[in-house]
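1. Pasting a predicted model and its sequence here:
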Amino acid sequence: MPTNKVPLFAVCLLSIVLSSCSGLHDVMSEASGLGVVSGNRSTFDGSESVTMSPAPIYSQNYGGNALFLGAAWNAKYSDQVGFALEHKGNTSYGSTYLGIRGLDINIDGKISSYSVAGGTDFTSGSYNSVTKTIYTQSKNIVIVPLSVLRKMMNANDCRIRIRTSQGSEDRIFSQETNGGMKMAKAHMRKFLSKVDSMNR
């Protein structure tokens, strides 16, 4: 085999492996219900809506994926989007429940702030009998202009600060992947595309 063909073969093989890994991460995300985008038409008034189930937001700190971001849009309020903020905790750690109070968005240095619409919803989920752990969720919604989401998607650098009952936590929205796994922004592209297809 000519020597100049070996590097080309290696590059092709590497690209196939990487694309397969990426596809596997996508399948795993959807299977776990992260960042799933769906559209619906109301049987009551015929209005169309789009939702995205919460997905992790990139954090520079290890273990920083306890906060998730989802979204909801309805044609009746077509210029707004609801950001679903979710904190996942468990009884093995101190942050079992976390009151979610608001959201600050930094788009290329320009900061805007939004408060939650109401009280945080606290729920408990599955129980691990081996570790004696109860898994918990804290959820709340922040309403922002749809134009802000568009700016977030187009920004070179977009960071969000989630204000909670225990201070605040910062995340980097503009980071789309982490170790091959899609973060919230990557799923939000599908969400916005679906919104635009219904909002023509």
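-> That came in fine, so what should we check first?
2. Do a quick rundown of the helices in the chain.
-> 5-31, 146-154, 184-198 (DSSP state H).
3. Flag whichever of the ones you listed has the least confidence on average.
-> Among the helices of the chain, helix 5-31 has the lowest mean pLDDT, at a mean of 40.
4. Which parts of the chain are strands?
-> In the chain, the strands defined using DSSP state E lie at 37-41, 48-56, 67-74, 80-90, 100-107, 110-115, 121-128, 133-145, 158-164, 167-172, 177-178, 181-182.
5. Neighbours of residue 154, how many?
-> Applying other C-beta atoms under 10 Å, we find 11 residues neighbouring residue 154. All C-beta atoms are positioned from the backbone trio N, CA, C, and that covers glycine.
6. Correction: the previous question concerned residue 142.
-> For residue 142, the tally of surrounding residues (other C-beta under 10 Å) stands at 22.
7. who's in contact with it?
-> Listed by C-beta atoms under 8 Å, 6 or more residues apart in numbering, the contact partners of residue 142 are 82-83, 85, 102-103, 114-117.
8. now with 7 Å?
-> Neighbouring residues of residue 142 by C-beta atoms under 7 Å, 6 or more residues apart in numbering: 83, 85, 102-103, 114, 116.
9. Quickly list what it is bridged to.
-> Counting by DSSP bridges, residue 142 forms beta bridges with residue 83, residue 116.
10. Relative to residue 180, how far out is it?
-> Distance from residue 142 to residue 180, counting by C-beta to C-beta, to the nearest Å: 29 Å.
11. Ok, residue 162 next?
-> Residue 162 sits 25 Å away from residue 180, going by C-beta to C-beta.
12. Repeat that for residue 133.
-> Counting by C-beta to C-beta, the gap from residue 133 to residue 180 is 27 Å.
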